[in-house]
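Enquirer: Provided below for reference: sequence and predicted model.
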Amino acid sequence: MAEQAARLAHASNLYYTEPCVRLARMLCERTGCGKVFFENSGEEANEGAVKAARKYSRDHHGPGRHQIITLINSFHGRTVTTLSATGQDSFHRTFGPFTEGFAYVPAAA
């Protein structure tokens, strides 16, 4: 870590860096995907996952299958969509209207 920090401590994902290129290649090889996109935060990754799931469903099954199931007491981020996915009523009292299409279920024991 110290060696990398001496070369480059942080760079925006707007720029390519050698470590990111190596990681992207490894991820593509291991997953069979043709490309990757590095996000800045977990909520951005969650928002991207919601978009990818809804796009896949629409492309393969048509409109109307956009509901996503999340867990009660979960937390997915602070954007309007990730707050919508969050299964905690306390987050749903203030920031609406929210993105529709989320259902909340208890975790299996």
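Expert: Now that the structure is in, tell me what you want to look at.
Enquirer: Please report the distance of Phe98 from Val21.
Expert: According to C-beta to C-beta, to the nearest Å, Phe98 stands 38 Å off from Val21. C-beta here means a position set from N, CA and C on the backbone, and glycine is covered the same way.
Enquirer: out of those two, which sits in the busier spot?
Expert: Phe98 (15 against 10; other C-beta atoms under 10 Å).
Enquirer: ok, and that one, which helix or strand is that part of?
Expert: When secondary structure is defined by DSSP states H and E, Phe98 falls outside every helix and strand.
Enquirer: The nearest residue to Phe38 once chain neighbours are set aside and Leu83, how far apart?
Expert: In this structure, Phe38 finds its nearest non-sequential neighbour in Asn13, 4.8 Å apart by C-beta to C-beta, 6 or more residues apart in numbering. Distance of Asn13 to Leu83, computed by C-beta to C-beta: 23 Å.
Enquirer: Which one of these two is surrounded by more residues?
Expert: With neighbours defined as other C-beta under 10 Å, Asn13 and Leu83 compare such that Leu83 has more, 21 against 12.
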